[in-house]
Every structure is written in C-alpha cells, then in structure tokens.
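Asks: Only the shape, not the letters, is given here:
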Ligand SMILES: NC(=O)c1ccc[n+]([C@@H]2O[C@H](COP(=O)([O-])OP(=O)(O)OC[C@H]3O[C@@H](n4cnc5c(N)ncnc54)[C@H](O)[C@@H]3O)[C@@H](O)[C@H]2O)c1
C-alpha cells in the first residue's frame, strides 16, 4: 500500500481528496496549518500533522518518518480579490509553499507529486474552450502564484531528471469547483457562484448577476463547473499515473473540468429548481476581468488519465445545498 502526504487536507477540496485517496486503498498523512481549513473535516483514518507547508524541515521529517511515497500539494491561499490587495502575502504563502514542499521532497527522496493548479492560470484567453497548450496570462497575483508553482514543479523535475533521480509530476488545472461529497464537507468560502447564491437567498437577498451583455446565448458568463468529488477522483488517477512511472520521468498537465459550460443564469435557475422557489437574481454591471466563456477542453485528461467527470450541475447544487447548514456552522 502506498502512502501519500496531502497538504491542505483540512480544506474544502483537500478533505474530498483525502476521502478518495483512502477509498483507493492508499494511506494518507495530512499536513495543514488550519488557516482556512477545519480539523473537523479531517478524515478519521488519515494521520494529521498540524504545521505550515513553508516549513521544509517539518515536511522532510514527516516524509522520512512516515515513509511517504508521494505528495498531493493543495495547501494554498485562493481568494483572487484578496491576492490583488495582498500580493506579497500570496506570493509568500503559495510560492514559498511549493518551494518548501519540493525542497523537502528532494531531501527525503520522495519522487512523485500531484500539484493543485487553477484555470486562473489562463487569465482571459482568446478562445472560450481552452486546451492545456493555450497561452497562460494570469490576471491576478493568485493566478500568477498557481502558474509559478507549475513552473517550479517542472523545473525541479527536469533538474532531478538530469541528476538521475527523476520526479514524476502531474499538475491539475481545476475549473469551477462546486458541490460536496457529504453534508460535512461543504465549501465554507463564499467566493464561488453557488455558495454566493445560497448565502444571498438564505439571508433574504437576491443573488447578483455581474453582466448580462456578454456575447453568450443568454448574455451571462459561461463557466465549466466541476463536482468536487469528480475533481478529487482525478487526483487518485494522477497519483496512480505517478506510481506507474518508476523512473520519475512523467511530467503532465491536465485541465480538470466537465468540458461543457453553464451560464450564470443557468446555474441560478438550477439553484431555484433545487431550492423550490425563484431566487430572483438581480442584474448588475459587469465585473472587471471576467472572460465571457471559460470552459475546459478535457480530451487530454480523458485520454491519458482515463478520467471523466460523472456528476452534473444538479448534483453540484443539490449537494452544496444539503451541506450548506454545516458549512455555515463551521464558518460561524
Ligand atoms: N476552490 C476552487 O474553486 C479552486 C479552483 C482552482 C484551484 N483551487 C486550488 O485548490 C486548492 C485547495 O483549495 P480549497 O478550495 O480547498 O481551499 P481551502 O482554503 O478550503 O483549503 C486550503 C487548505 O490549505 C490549508 N493551508 C493554507 N495555507 C497553508 C499553509 N501555509 N500551510 C499549511 N496549510 C495551509 C488551509 O488551512 C486549508 O485547509 C488551492 O491550492 C487552490 O488554489 C481551488
């Protein structure tokens, strides 16, 4: 049985990744500083070490003592708006985090990594449906830190390859993550559309639609929504791919989305349907920096990883709604 170190395993996505890695028969050791995560989310059968991913010494010690085979690195700060206000904080948290993880892996001789990147790496691409080779021009410090992380992983892998040790690596660019795998693992941040809509309607407000004059069929922005359980399973497929590469030569990058888009109006219509009443969205001005369409091309991940999303928008909204009360109580 292999053992994976999972950074950020007390977070929204990380807690789902822990569940899926454990279900696949792997052991999991979580490192998390609980800065935005919650101890209550940590899977019972995962080991937990509280600490920062910027602490190379601690990470190397955990890797050596726990006999770690590979790392899934998710721990990061993720609020785009906050990253514009506090860029240095984001660079320190996210870039130093990747640096410390890679240094510790090198020290401890761990040669497999799955890295959590983001569609924010693309910025505002010229095409709506993006393949992995689309130019990356992030439009926020957050997106920059995620892209820099990809570069660091690849550069370190190349240097270890030249040195003969290798570093099997897979970077996953997540699109719009939504839903919950259980009522205890909902998203506690309200930066994404579905939690924003749930918060608005449960506090007697109207969810806002930022811009209704985009060149899309209903005038609102189109995004690729991916269920967090599907996303978590893509990490297991990526870990498996790394495990099959005994020489550490693998270096891959995949979009993780459904490969189809939903407009803001369609998502809010689904929220109304699931809640059983009209959430009555309010149309407001466009926000700066929102591309009209951002949808993943998923041919590569389907072909190479054999992974495909199975859950749909209704599953995402229903599970997010069902997990909402607990997410609110965690946030309080
Ligand atoms: N949620 C999304 O829609 C989305 C989309 C694209 C990419 N991502 C990426 O997915 C990853 C996880 O996001 P999430 O939505 O689960 O966020 P989250 O805030 O719920 O989880 C992040 C976890 O990392 C931990 N953490 C943060 N900084 C740390 C540090 N310095 N040391 C140790 N632990 C630390 C937090 O305590 C938390 O448990 C992030 O890397 C994020 O950039 C998220």
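Replies: Sure, I can see it. On a predicted model such as this, the values are computed, not experimentally measured, just so you know.
Asks: What residues of the helix or strand containing residue 159 count as buried?
Replies: Element membership of residue 159 [criterion: DSSP states H and E] is helix 141-162. Neighbour-count burial for helix 141-162, counted by 16 or more other C-beta atoms under 10 Å, picks out 141-150, 152-154, 156-157, 160. C-beta here means a position set from N, CA and C on the backbone, and glycine is covered the same way.
Asks: Over to stretch 61-72?
Replies: Applying a neighbour-count criterion of 16+ other C-beta under 10 Å, the buried positions in stretch 61-72 are 61-63, 66, 68-72.
Asks: interface residues of the stretch 1-150 of the chain facing the ligand?
Replies: Near the ligand, the residues belonging to the stretch 1-150 of the chain are 7-8, 10-14, 32-37, 52-54, 74-78, 93, 97, 116, 118, 146 when assessed by C-beta under 6 Å from any ligand atom.
Asks: Keep only those of the residues you listed that are in strands.
Replies: 7, 32, 116, 118 (DSSP state E).
Asks: quick revisit: next step: the buried residues of stretch 61-72 restricted to strands.
Replies: Using DSSP E to define strands, the subset of these located there is 70-72.
Asks: just those residues now: which is nearest the ligand?
Replies: Checking those against the ligand with C-beta to the nearest ligand atom, the nearest one is residue 72 at 10.1 Å.
Asks: any idea how far residue 281 is from that closest one?
Replies: Noted for residue 72: a distance of 36 Å to residue 281, by C-beta to C-beta, to the nearest Å.
Asks: thought residue 211 was touching residue 290?
Replies: Yes: here residue 211 reaches residue 290: they are 6.7 Å apart, a contact under C-beta atoms under 8 Å.
Asks: between these two, what contacts are shared?
Replies: Any residue near both residue 211 and residue 290 by C-beta atoms under 8 Å, 6 or more residues apart in numbering counts here, and that gives residue 221.
Asks: in this structure, which residue is closest to the centre?
Replies: For the chain, the residue whose C-alpha lies nearest the mean C-alpha position (C-alpha atoms, centre = their mean) is residue 174; its distance is 5.1 Å.
Asks: List phi and psi for it.
Replies: phi -80, psi 140 (degrees, to the nearest 10).
Asks: what residues are up against it?
Replies: Residue 174 neighbours (C-beta under 8 Å, 6+ apart): 13, 116-119, 226, 231, 256-257.
Asks: ok, 7 Å please
Replies: The contact partners of residue 174, taken as C-beta atoms under 7 Å, 6 or more residues apart in numbering, are 116, 118-119, 226, 231, 256.
Asks: One more: residue 232?
Replies: Contacts for residue 232 were tallied using C-beta under 7 Å, 6+ apart; they are 16-17, 19-20.
Asks: For it, give me the pLDDT.
Replies: Each residue has a pLDDT score; the one for residue 232 is 99.
Asks: ok, it to residue 92 distance?
Replies: Note on residue 232: its distance to residue 92, by C-beta to C-beta, is 27 Å.
Asks: okay, how far is it across stretch 162-169, tip to tip?
Replies: 15 Å (C-alpha to C-alpha, to the nearest Å).
Asks: just stretch 290-303 next, same as before
Replies: 30 Å.
Asks: pLDDT on it, on average?
Replies: Within the predicted structure, the mean pLDDT of stretch 290-303 is 96.
Asks: Identify the residues contacting that stretch?
Replies: For stretch 290-303, using C-beta under 7 Å, 6+ apart, the contacting residues are 119, 124-125, 128-132, 175, 210-211, 214-216, 221-224, 234, 254-257, 259-261, 307-308.
Asks: and that stretch with the ligand, contact?
Replies: No: judged by C-beta under 6 Å from any ligand atom, stretch 290-303 stays clear of the ligand, getting no closer than 11.5 Å.
Asks: Tell me how far that stretch lies from the chain's centre.
Replies: 15 Å (C-alpha atoms, centre = their mean, to the nearest Å).
Asks: what do you get for stretch 297-308?
Replies: With C-alpha atoms, centre = their mean as the basis, the distance from the averaged C-alpha position of stretch 297-308 to the chain average is 17 Å.
Asks: Residue 43: neighbour count?
Replies: As a burial measure, residue 43 scores 23 neighbours (other C-beta atoms under 10 Å).
Asks: if I pick the residue nearest to it when sequence neighbours are not counted, what's in contact with it?
Replies: Once its chain neighbours are removed from consideration, residue 43 has its nearest residue in residue 18; the separation is 4.4 Å (C-beta to C-beta, 6 or more residues apart in numbering). With contacts defined as C-beta under 7 Å, 6+ apart, the neighbours of residue 18 are 6, 9, 28, 30, 43, 46.
Asks: Show the end-to-end separation of stretch 85-96, please.
Replies: The stretch stretch 85-96 measures 18 Å between its terminal residues, going by C-alpha to C-alpha.
Asks: Now do it, average pLDDT.
Replies: Along stretch 85-96, the predicted confidence averages to a pLDDT of 98.
Asks: Sort out which residues of it are buried, please.
Replies: Of the residues in stretch 85-96, those with enough neighbours to count as buried (16+ other C-beta under 10 Å) are 90-91, 93-95.
Asks: and of the residues you listed, the nearest to the ligand?
Replies: The shortest approach to the ligand among the buried residues of stretch 85-96 belongs to residue 93, at 5.3 Å (C-beta to the nearest ligand atom).
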